[in-house]
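S.K.: From the sequence below, what's the structure:
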Amino acid sequence: MNKTTQTVESAAVGGAFHIEDVYPLIDGGRFLVKRIAGERFEVWADIYRDGHDTLGAALLWRAEREREWHRKPMTHHSNDRWSASFVPPEPGRYVYAIEAWTDEFATWRRSLQLKHMAGADVTLDAIEGASMLTKAYGARQEAAAIILRQCEDYLQTGEVAPLLAPELNEAMAESQSHPDLTRSPLFPLVADRAKARYSTWYEMIPRSQGTIPGQHGTFKDCIARLPDVAAMGFDVLYFTPIHPIGRTNRKGRNNAVTAAEGDPGSPYAIGAAEGGHDAVHPELGTLEDFRELVAACNEHGLEVALDFAVQCSPDHPWLKEHPQWFKRRPDGSIRYAENPPKKYEDIVNPDFACEDAGALWKALRDVVLFWIAQGVKIFRVDNPHTKPLRFWEWLIREIQLRHPEVIFLSEAFTRPKLMKGLAKLGFTQSYTYFTWRTQKWELEQYLSELTRYPERDFYRPNFFVNTPDILPFHLQGGERWMFKSRVALASTLSSSYGIYNGFELLEHEPIPGREEYLDSEKYEIKVRDWDKPGNIKAYIRELNRARRENTALQQTERLRFLGIEDGNVIGFVKESADRTNTVAVAIALSRDVHEFWFHLGDVQILVDGQRRHAAALENIMTGERSPIEWGGIRLRIDPSRDPALLFRCLA
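M.R.: Below you'll find the model as predicted:
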């Protein structure tokens, strides 16, 4: 029998309602919609059926592991469009669904009203309605009292007015049987803590935080740097791997195949005799020292983020304890990691397709749980696109069901659909192509992509201006205005952004012809003067202050670009979710002096519950105010002084 054939019997018992065009929804409910705990979550849907009966609809929601549903009545708008909302109270995973049914009493009531207004005899209709009251059940005490009172009033007076009372209609809405009740599938939602949407990252390699040339830095040296990092306004301190580094095939300076005596190797060659992913490099300190660092970060308003790199050096304990987790070549030798044309002789990758894959997956999960126990709640995942997608979906779910506050950042510079696919699978934040977007049209096109639907419901961008592996060509000239322009773009366009240490010092020496740092600290220990003349630390501090003081800059999706005739100036407006804070930004993309008309259009601000047109702009950095005339203002940007102008819109 063809299972797709619909019989008369199956059609007769099918749902009477169509529930369509549900928003928000990712791929029909296959993947999680992302929101922030404590904020209102709106759901919309088209709901309809045949005929003219009055419909009822409700939004159901619960925490994924709860059994009891919470219900919110849905409101009908127009053209069969309904909506309702709820507030997920705390971080975690939730499910929501929509129910629809025929409201028999409301249908009867509407018919009676029409007949009554037309002067028709409604005696029988009234008796029919009264009989429906006697069949009401399951009502709350308050609703039951209303039903009883109105029924008695009707029986005593014989008038229809008691049956038409609005409060009776509301009481009956929850007190009838729903024989044609139709429920949609369950849809997933994750409610994260606020830092998932708004965060400011500072990346450092711990061993280079010391003060003595050639001497390995320690966790205590990192603690000494915290006041400086916090003063710049960062709230996430991200460390590259802190684990023991292998000695076999250790890389030398500038990624040389052979290491010289004393070369520290790449921190991404994880594992040695001293331990693997759950150990710290002995020269950094002890596990207790690391916990002290975490506590010190908390005192400075910083959270520690750790690199989670699923790879091992040939000396990692797992190669001896679990040799079945790794691939071998036909001659029995280990298969090293490759990313053609590069080969990483100091790294081997676990085999996720091995016969013992289940144990491997659990071991990697336990690594994350171990660091959570040490106080780490943020993980930057290295190259997740090179590992099975199903593994990440499983791992993130396993962790967040136990620790819903944990944040995962996907470091995947790869094909756009794969980057978005990782975000759908559960990664809280994602790296982006911002690092290479320099032209006005590129930035506008890319941000329009990230802020459209459905991307805005699952992809939270984190704009890094540079990384230990990436020194973009536009920074290699070391021009101060360019460094300022890039950090201004990152910090205002995206609610989450980051810099790799040295950016504030305008470090820019590349390997000729490549987007990589010369003498990269990935392969050697560096000591810096963190107050080096010419640094832009004060500029970064002011940008981060602007972000903290303006909620419009703490989100990415409510963004609108402005039409500026100068092709080397980009302008945009960002509005907070509650519409009480609106920021307008203009940033130069070239070193020239720019004079232009800054047309704001119909910018409005919510003041005392009312929308008002913007009447003035307040420079966020200087406090200077300028009136808006003819819908805009004439501006001048001299990038040698400051390539960015940030304004708060005033009504």
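S.K.: ok, residue 590 - how many residues close by?
M.R.: Using other CB atoms under 10 Å, residue 590 has 16 neighbouring residues. In short, each C-beta sits where N, CA and C put it, glycine included.
S.K.: And the pLDDT for residue 8?
M.R.: What the model reports as pLDDT for residue 8 is 48.
S.K.: try residue 528
M.R.: 98.
S.K.: In a helix, it, correct?
M.R.: No. Remark: residue 528 does not belong to a helix; assigned using DSSP: H, G, I helix; E, B strand; the rest coil, it is coil.
S.K.: ok, now how distant is the nearest residue to it once chain neighbours are set aside from residue 602?
M.R.: Of all residues not flanking residue 528 in the chain, residue 505 sits nearest, at 6.6 Å (CB to CB, 6 or more residues apart in numbering). Applying CB to CB, to the nearest Å, the value for residue 505 to residue 602 is 43 Å.
S.K.: shaky segments in the stretch 1-150 of the chain?
M.R.: Residues of the stretch 1-150 of the chain meeting the criterion pLDDT under 70: 1-15.
S.K.: nope, the chain is what I meant
M.R.: Scanning the chain with the threshold set as pLDDT under 70 gives 1-15, 339-342.
S.K.: burial of the residue nearest to residue 528, as a residue count?
M.R.: By the criterion of other CB under 10 Å, residue 505 has 18 neighbours.
S.K.: likewise residue 68?
M.R.: 6.
S.K.: Pretty sure it sits against residue 62.
M.R.: Yes. The pair residue 68 and residue 62 qualifies as a contact (CB atoms under 8 Å) at a distance of 6.4 Å.
S.K.: which residues sit in contact with the nearest residue to residue 419 once chain neighbours are set aside?
M.R.: The shortest distance from residue 419 to any residue other than its chain neighbours is 5.2 Å, reached at residue 412 (CB to CB, 6+ apart). If you count contacts by CB atoms under 8 Å, 6 or more residues apart in numbering, residue 412 has them with 383, 384, 385, 418, 419, 422, 430, 431.
S.K.: Confirm that the third one sits in a helix.
M.R.: Yes. The assignment for residue 385, made by three-state DSSP, places it in a helix.
S.K.: For it, give me its contacts.
M.R.: When contacts are taken as CB under 8 Å, 6+ apart, residue 385 is in contact with 412, 414, 418, 419, 422.
S.K.: Report the two of those residues separated the most.
M.R.: Spanning the widest gap among the contacts of residue 385 are 414 and 422, at 8.7 Å by CB to CB.
S.K.: The two - which one has more neighbours?
M.R.: In this comparison of residue 414 against residue 422, neighbours counted by other CB under 10 Å, the higher total goes to residue 422 at 26 against 15.
S.K.: ok, now which ones touch that one?
M.R.: Contacts for residue 422 were tallied using CB under 8 Å, 6+ apart; they are 384, 385, 389, 392, 410, 412, 430.
S.K.: how far away is it from residue 629?
M.R.: Relative to residue 629, residue 422 is positioned 47 Å away (CB to CB).
S.K.: Distance-wise, check the residue nearest to residue 528 relative to residue 532.
M.R.: Relative to residue 532, residue 505 is positioned 5 Å away (CB to CB).
S.K.: same thing with residue 626?
M.R.: Distance from residue 626 to residue 532, counting by CB to CB: 36 Å.
S.K.: Next, the closest residue in space to residue 85 that isn't next to it in sequence: secondary structure please.
M.R.: Nearest residue to residue 85, sequence neighbours excluded (CB to CB, 6+ apart): residue 42, at 4.4 Å. Secondary structure assignment for residue 42 (three-state DSSP): strand.
S.K.: Count the neighbours of residue 42 for me.
M.R.: Residue 42 has 12 neighbours, counted by other CB under 10 Å.
S.K.: Might one say that it is in contact with residue 87?
M.R.: No. Between residue 42 and residue 87 there is no contact, the gap being 10.5 Å when judged by CB under 8 Å.
S.K.: Residue 235: what's it in contact with?
M.R.: Neighbours of residue 235 in contact, by CB under 8 Å, 6+ apart: 195, 199, 200, 301, 302, 303.
S.K.: Buried ones only from the residues you listed, please, as a ChimeraX command.
M.R.: Only the buried members of those end up in this ChimeraX selection, burial being decided by 16 or more other CB atoms under 10 Å:
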select :195,199,200,302,303
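S.K.: need the contacts of residue 235 in a markdown table with distance to residue 610 and secondary structure, can you?
M.R.: Putting these into a markdown table (distance: CB to CB, whole Å; DSSP: H, G, I helix; E, B strand; the rest coil) gives the following:
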| residue | distance to residue 610 | secondary structure |
| --- | --- | --- |
| 195 | 32 | helix |
| 199 | 33 | strand |
| 200 | 33 | strand |
| 301 | 36 | coil |
| 302 | 39 | coil |
| 303 | 38 | strand |
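S.K.: got a markdown table for the contacts of residue 235, with distance to residue 97 too?
M.R.: Supplementary listing: the contacts of residue 235 in a markdown table, determined by distance: CB to CB, whole Å:
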| residue | distance to residue 97 |
| --- | --- |
| 195 | 29 |
| 199 | 32 |
| 200 | 37 |
| 301 | 40 |
| 302 | 40 |
| 303 | 35 |
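S.K.: For residue 501, see how far away residue 526 is.
M.R.: Summarising the geometry, the distance separating residue 526 from residue 501, computed by CB to CB, is 9 Å.
S.K.: Residues that sit against both of those two, list them.
M.R.: When contacts are counted by CB under 8 Å, 6+ apart, residue 526 and residue 501 have residue 208 as shared neighbours.
S.K.: So these two - more neighbours on which side?
M.R.: Neighbour totals were compared for residue 526 and residue 501, and residue 501 leads with 22 against 18 (other CB under 10 Å).
S.K.: Not counting its neighbours along the chain, what's nearest that one?
M.R.: The nearest residue in space to residue 501 (CB to CB, 6+ apart) is residue 204, at 4.5 Å.
S.K.: what residues are up against the one you found?
M.R.: 222, 225, 229, 237, 238, 239, 240, 500, 501.
S.K.: List the beta-bridge partners for residue 72.
M.R.: residue 59 (DSSP bridges).
S.K.: For residue 390, see how far away it is.
M.R.: Applying CB to CB, the value for residue 72 to residue 390 is 34 Å.
S.K.: These two: which is more packed in?
M.R.: For residue 72 versus residue 390, neighbours defined as other CB under 10 Å are more numerous around residue 72 (16 against 11).
S.K.: Hmm, the more buried one is touching residue 83, no?
M.R.: No. Look at residue 72 against residue 83 with CB under 8 Å: they stay out of range, at 9.9 Å.
S.K.: Mutual contacts of the two, please.
M.R.: Contact with both residue 72 and residue 83 is made by no residue, according to CB under 8 Å, 6+ apart.
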